[in-house]
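S.K.: Quick one, structure for this:
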Amino acid sequence: MSTAELLKGAAELFPDEVVTQAHVRHLDLPAGAGKFALITLDNGLDHTKPTTFGPQSLANLNAAVDQVEAEAANGDIVGIGITGKPFIFAVGADLKGVELLKRHEDALAIGKGGHDVFKRLSGLAVPTFAYYNGAAMGGGVEVGLHCSYRTVSQAIPAFSLPEVFLGLVPGWGGCAILPNLIGADKAVSVIIENSLNQNKQLKGKQVFELGIADAIFEGADFLEQSLIWTASVLKGDLTVERPEVDRGEAWDQAVERGRFIADSKVHGAAPAAYRALDIIAAAKSGDLQAGFDAEDTALADLIMGGELRSGIYAFNLVQKRGKRPAGAPDKNLARPVTKVGVVGAGLMASQLALLFLRRIEVPVVLTDIDQERVDKGVGYVHAEIEKLLGKGRINQDKANRLKGLVTGVLDKAEGFSDADFIIEAVFEEIGVKQQVFAEVEAVAPAHAILATNTSSLSVTEMASKLQHPERVVGFHFFNPVAILPLLEIVRGEKTDDAALATAFGVAKKLKKTAVLVKDAPAFVVNRILTRFMGEIQNVIDEGTPVEVAEKAVEPLGLPMSPLVLLELVGPAIGLHVSETLNRAFPDRFTVSENLAAVVKAGKRGFYVYDSGKPELDPEVVALLKQGDAVLTEEQTRARVLDAVAQEIGLMLQEGVVAEAQDIDLCLITGAGWPFHLGGITPYLDREGVSQRVNGKPFLAQGVASVPA
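M.R.: As a prediction, this is how the structure comes out:
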């Protein structure tokens, strides 16, 4: 079957969501180097809409290659280039279509179709050049790898092979070509390490330094400079030299390093990283066609697997649902925010002040109970601004302006009389927060929104003693504030639409993923994590060894083990949240006597790190009182997953969020749960836990799974 026939058949299975055109234009290279053909990838949309490759898009590129191939064979051109529309080169496969595939052979055709088109670029009669002028990901990177030479714009904001992050492998040449171009170790960093590090992106300079690109130019005149460089290469005035790739022991060590990274991140729970590493290992021979064949097989297997479907589902949640929150009121009801007040000047309050300052750039005023605390809070913000200045993230003028916008006062009337949005971040005790809000209401303007950063307390109860409870809203951030995207926006019983709309408007300016949450104990993330970690604690208290309980949930591939997470959160906070939920749901949430003993002893966690790796703290071990009911890893995992599935089912019945998708979005963006799980509900469905516990799956067939 020809490439054109293959792509036509694929296009009949699913049409491209947006079709990419491949326009060929001819130009004279500088310095008399000769006629040149330039292929430009363009989907005809503005620069915010990325260019992708579906079957029809690949067919269009294939037709463009047909044209330039004939011209090259006739001697009409001396070289061929490929570039993208302004700001975007190309960002890979059209995943909208991939998730619709139902048969393995159809998935195999997608891999083969991409290879058949891309590898033609390396088999033409004249040299080929890729000009990475903008964002390039996945297949967008790979099409350039098939070219003879590559240049990159210094202004590129994002360059990656993110497939492993989603549950795939770079399947159109990435696994086979990249290690043969830059060496196995660097390739492992790009394909495995960066992907599993929350899809870390490379900048243009890094692409050049890694050796992926042969030259780098400024963004303003990138294409012009690239063509001048191309002319020098074609005339022989410039010779591109690349370091020799080490195909000895270093290659094997790189693959082992990749396996160590994969084990530490996903613990064998997701196959994509390991399939990619197998292909990289085999690529040591330099047999590219064998590598392409292996990529085709791996790609097809993974496309038909649950992890990829969950990965696409998670990606769509973050990119689409996260930007259009379910249940958010009319944005036109939102009030303008020209000044922000922060009650408290501790670490959390100071982090909030910094975030508001950087994102909204309006005056921010902190208050606290004494001048020392106020000065410390303002000092923290100033120090962080200085760090940004030192790293070149902002210039001196902006640093001075930001510093001038943050102030601290003791008198709430002085600080908040003209504030539009006031958030409290004081001690997590309902009486303290009620008192703070009463003091704020007495001095704040009538239109001001009063927000609470509570992690578990009732927003309704907090506002119950105010004259205007309708303007109180929950605004729950996650630590570290600057990094975790989630913002749980909590509607109290009397919160009005204007307050809610303002909260969502502020969240958008803060560049946070906002999810509307009912005023229920511990809201979403803390409720699920407390049930999850509480069940782990229960089996430990009953007699299961700590190491068995911890290892039991490794197959989920979570970012950290339960007890390491407890250490990060803080045992005292974990105990407080479990006590809150125990009061609300005593039949399901327990308060561990062992955890209480750890907190009373002032221990920061269950582990010590004196040897450089986590080991159980002997002092904590001495505190533990355990029963004699010992479970296996499998029994522990089943018990924990059953508990989580039950809790999510109850939360959906209670209307804590609109749909299961919001649960997953919260866990991905607020707790760092992996894309290959899809948050949690696709995994529970896939493992049969949802059916076993609740009698039905959380998601319909075809949502994060192969269509029926």
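
S.K.: now E384: how far from G341?
M.R.: 19 Å (C-beta to C-beta, to the nearest Å). From N, CA and C alone the C-beta is placed, and that goes for glycine too.

S.K.: Tell me which of those two has more neighbours.
M.R.: G341 (29 against 18; other C-beta atoms under 10 Å).

S.K.: Could you check how far that one is from A638?
M.R.: From G341 to A638 the distance is 48 Å (C-beta to C-beta).

S.K.: Tell me the spacing between the residue of the chain most remote from its centre and Q351.
M.R.: No residue in the chain sits farther from the centre than N74, which is 48.2 Å out by C-alpha atoms, centre = their mean. As judged by C-beta to C-beta, N74 and Q351 stand 64 Å apart.

S.K.: I430 too?
M.R.: 23 Å.

S.K.: Comparing these two, which residue is more hemmed in?
M.R.: Higher neighbour count among I430 and Q351: Q351, with 21 against 14, using other C-beta under 10 Å.

S.K.: residues near the residue nearest to the more buried one when sequence neighbours are not counted, how many?
M.R.: Nearest residue to Q351, sequence neighbours excluded (C-beta to C-beta, 6 or more residues apart in numbering): V481, at 4.1 Å. Counted with other C-beta under 10 Å, the neighbours of V481 add up to 20.

S.K.: Surely V481 touches M348?
M.R.: Yes - using C-beta atoms under 8 Å, V481 is in contact with M348, at 7.2 Å.

S.K.: got any residues that touch both of these two?
M.R.: The overlap between the contact sets of V481 and M348 (C-beta atoms under 8 Å, 6 or more residues apart in numbering) is empty.

S.K.: all helices in the stretch 1-150 of the chain, in order from the N-terminus.
M.R.: With DSSP state H, counting those that start in this stretch as the criterion, the stretch 1-150 of the chain has helices at 3-13, 55-73, 95-98, 104-118, 139-145.

S.K.: quick one: average pLDDT of the first one?
M.R.: Okay, so that is helix 3-13. For helix 3-13, the mean pLDDT works out to 71.

S.K.: Stretch 348-363 too?
M.R.: The average pLDDT within stretch 348-363 is 96.

S.K.: what's it in contact with?
M.R.: 337-340, 342-343, 364, 366, 368, 376-377, 380-381, 384-385, 401-402, 405-407, 423, 425-426, 453, 477, 479-482, 506, 509-511.

S.K.: repeat for stretch 604-612
M.R.: 546, 563-564, 566-567, 570-571, 598, 614-617, 620.

S.K.: list the contacts for P614?
M.R.: 564, 607-608.

S.K.: Neighbour-wise, which one of these leads?
M.R.: Y607 (20 neighbours).

S.K.: Name the SS class of E295, please.
M.R.: helix (DSSP: H, G, I helix; E, B strand; the rest coil).

S.K.: Number the chain from 438, please
M.R.: Understood, numbering begins at 438; the last thing we discussed is E732.

S.K.: can you tell me how far it sits from G576?
M.R.: On the measure of C-beta to C-beta, E732 and G576 end up 12 Å apart.

S.K.: Common neighbours of the two, please.
M.R.: Contacts common to E732 and G576, judged by C-beta under 8 Å, 6+ apart, are W609.

S.K.: pLDDT wise, what is the residue nearest to the spatial centre of the chain at?
M.R.: When C-alpha atoms, centre = their mean is applied to the chain, the residue found nearest the centroid is Q635 (5.0 Å). Looking at Q635, its pLDDT stands at 82.

S.K.: so who does it touch?
M.R.: Q635 touches 602, 1109, counting by C-beta under 8 Å, 6+ apart.

S.K.: Thanks again, I'm all set now.
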